[in-house]
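Visitor: Quick one, what's the 3D model for this:
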Amino acid sequence: MLLKIENLTVKIKGNENTLSILDDVSLEIPPQTIFALVGGSGSGKTTSGLSITCLLSPALEIVQGKIHFQGEDLLNYSPIQMQRLRGKEIGMIFQEPLYAFNPVYRIGFQIEEVLKYHTLLNHKERQEKICDLLRLVGLNEPKRIINSYSHQLSGGMRQRAMIAQAIALHPQLLIADEPTSNLDVTLQAKIMDLFLQLKNQLKLSILLISHDLGMVSHLADEIAVMMNGKIVERGKTKEILQNAQHPYTRQLLEALV
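Guide: Modelled structure (predicted):
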């Protein structure tokens, strides 16, 4: 099993009596699988993804649970160990690339930072690698993208550039948080096709975090539905779509009609 989360509970730090942000969450993601975590705003989807990468807000803390990645509990990792793991073994696509990219640095510089930290490639080799990555995600003018700032790119181009950064080191797991929420329907379809291509070409797993059950129904092998910090239903995508058991899952499906 590539990723196994067991009984994960997250609360606001110093407020043990408050409701849990995540409440006893458990899930498993096999290798080379697209696993979708679906639910409305505030359901705990993003918190689940940030828990895996140990990027939770300082206001939150994990009070219970285990996060096993390739057999090791990430909650036992030191900050330095996690820093080495992020980017190399686990890539993250944040919800809004316009804000995730630093506006004062060019796109190429920010992608190159990942390669400088994790590899021994020289500058010329890093530049060639960045061009290859940008072409892989469908950006056919890589040198222009490298020299651009994030605000100079369209939403779709920024999203692809962020995907290029996330897959720069061929991670085993890619976490994609609402990766198409700010794109039009045509661009959403292209990004969906790109995820399928990357899964097959790079042999990676994708944790797809989304509120859109319609989108993930075309991508995901398995689905878990979250509500109020809990997973209320999970299973193979086809089974969930055809025979949803929980009322909340049925509400999400009815919203597609």
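Visitor: Please count neighbours and contacts with C-alpha atoms only from this point.
Guide: Fine.
Visitor: Now stretch 188-199: average pLDDT?
Guide: Stretch 188-199 shows a mean pLDDT of 87.
Visitor: Tell me which residues of it come out buried.
Guide: By neighbour count on 16 or more other C-alpha atoms under 10 Å, the buried set for stretch 188-199 is 188, 191-192, 194-196, 198-199.
Visitor: next one: stretch 244-252
Guide: Going by neighbour count (16+ other C-alpha under 10 Å), the buried part of stretch 244-252 is 244, 248-249, 252.
Visitor: sorry, back to before: quick one: the buried residues of stretch 188-199 as CSV, columns for secondary structure and distance to Arg160 too.
Guide: Shown next, in CSV, are the buried residues of stretch 188-199 (DSSP: H, G, I helix; E, B strand; the rest coil; distance: C-alpha to C-alpha, whole Å):
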residue, secondary structure, distance to Arg160
Gln188, helix, 11
Ile191, helix, 8
Met192, helix, 11
Leu194, helix, 9
Phe195, helix, 10
Leu196, helix, 14
Leu198, helix, 12
Lys199, helix, 15
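Visitor: Just the helices from the chain, written as ranges.
Guide: With DSSP state H applied, the chain shows helices at 45-52, 79-85, 97-100, 107-118, 123-136, 142-146, 155-166, 185-202, 213-219, 237-242, 247-254, listed in chain order.
Visitor: how about those helices, which one is nearest Val225?
Guide: Nearest to Val225 among these is helix 247-254; the distance by C-alpha to C-alpha comes to 6.8 Å.
Visitor: What's the local residue count around Leu120?
Guide: Using other C-alpha atoms under 10 Å, the number of residues around Leu120 comes to 10.
Visitor: now Glu128
Guide: With other C-alpha under 10 Å as criterion, Glu128 counts 12.
Visitor: List just the nearest of the buried residues of stretch 244-252 to Pro142.
Guide: Closest to Pro142 out of those is Leu252 (39.0 Å), distances taken as C-alpha to C-alpha.
Visitor: any low-confidence regions in this protein?
Guide: Applying pLDDT under 70 to the chain flags residues 15-16, 257.
Visitor: mind redoing it with 50?
Guide: Counting by pLDDT under 50, the chain contains no low-confidence range.
Visitor: quick one: Ala220 and Glu239 touch, right?
Guide: No: between Ala220 and Glu239 there is no contact under C-alpha atoms under 8 Å: 11.9 Å.
Visitor: So the two - more neighbours on which side?
Guide: Counted by other C-alpha under 10 Å, Ala220 and Glu239 do not tie: Ala220 has more neighbours, with 21 against 13.
Visitor: OK, contacts around the residue lying closest to the more buried one once chain neighbours are set aside?
Guide: Closest residue to Ala220 apart from its sequence neighbours, by C-alpha to C-alpha, 6 or more residues apart in numbering: Ile34 at 4.8 Å. Shown in contact with Ile34 (C-alpha atoms under 8 Å, 6 or more residues apart in numbering): 199, 205-208, 219-222.
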